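Trainee: This is the structure alone, sequence omitted:
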C-alpha cells in the first residue's frame, strides 16, 4: 500500500491511497493451464513444427499480456472517489458516497480482481463490482473512514 499527498491547490490537499490487487497463484496457474491445453490438439495431431512454434509464440504473448494485466490491477482512493484500474488503460470511478455495502465474496464472475478472495462492492441502486485488494481490512477501513467524513 502506498500513501501519497499531492497539492491540489493552495487551500486543499488531495489524499490518495493506492492498494494493489491480491494476486492468486491459483488464478495464474489456471490461465497458464488453459494456454497449455490449447496446444494439445496441435501436438496430438502431429501438426508441422512451424505451426506449433507459431501457435506457441502467440499463446505466450497472450498469456504474458493476461498475467501482466492481472498483476497491474490497482485500486486508488482519491478523496471521495474509488478509482479501479485494470488492463493498463481501463479505469472505473465509483463515488464513495454511492457505496451501499461491502461484503466478502468468492464469486468467479469476471472482474478487476487478481484473486478469488474478493470483496463485493454494492453501489448506486443495483451496481456491484468485485475487487481483491491485498490489504482488504485496511481498504474497508479507509472506505468507511471517508464515508463517515461526509456524515
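Mentor: Good, I have the coordinates. Every value quoted in this text rests on a predicted model; they were computed, and no experiment measured them.
Trainee: ok, and the closest non-adjacent residue to residue 98?
Mentor: Closest residue in space to residue 98, ignoring its immediate chain neighbours: residue 123 at 4.5 Å, by C-beta to C-beta, 6 or more residues apart in numbering. Heads up, the C-betas are built off the backbone N, CA and C, glycines and all.
Trainee: separation between the one you found and residue 146?
Mentor: 14 Å (C-beta to C-beta, to the nearest Å).
Trainee: same thing with residue 24?
Mentor: 27 Å.
Trainee: And these two? Which one has more around it.
Mentor: residue 146 (20 against 17; other C-beta atoms under 10 Å).
Trainee: And the helices in this structure, which stretches?
Mentor: 25-44, 49-71, 136-150 (DSSP state H).
Trainee: could the ones you listed go into a markdown table alongside distance to residue 128 and mean pLDDT?
Mentor: Output for the helices of the chain, formatted as a markdown table (distance: least, C-beta to C-beta, whole Å; pLDDT from 0 to 100):
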| stretch | distance to residue 128 | mean pLDDT |
| --- | --- | --- |
| helix 25-44 | 20 | 81 |
| helix 49-71 | 20 | 83 |
| helix 136-150 | 15 | 86 |
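Trainee: looking at the ones you listed, which is closest to residue 79?
Mentor: For residue 79, the closest of the helices of the chain is helix 136-150, at 7.6 Å, according to C-beta to C-beta.
Trainee: what about stretch 117-133, how long is it end to end?
Mentor: Across stretch 117-133, the terminal residues are separated by 9 Å (C-alpha to C-alpha, to the nearest Å).
Trainee: so what's the backbone phi/psi at residue 115?
Mentor: Torsion angles at residue 115 (phi, psi; degrees, to the nearest 10) stand at phi -150, psi 160.
Trainee: who's in contact with it?
Mentor: 21-24, 27, 132 (C-beta atoms under 8 Å, 6 or more residues apart in numbering).
Trainee: export the residues you listed to TSV and tack on distance to residue 37?
Mentor: Listed next are the contacts of residue 115 as TSV, based on distance: C-beta to C-beta, whole Å:
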residue	distance to residue 37
21	25
22	26
23	22
24	19
27	16
132	25
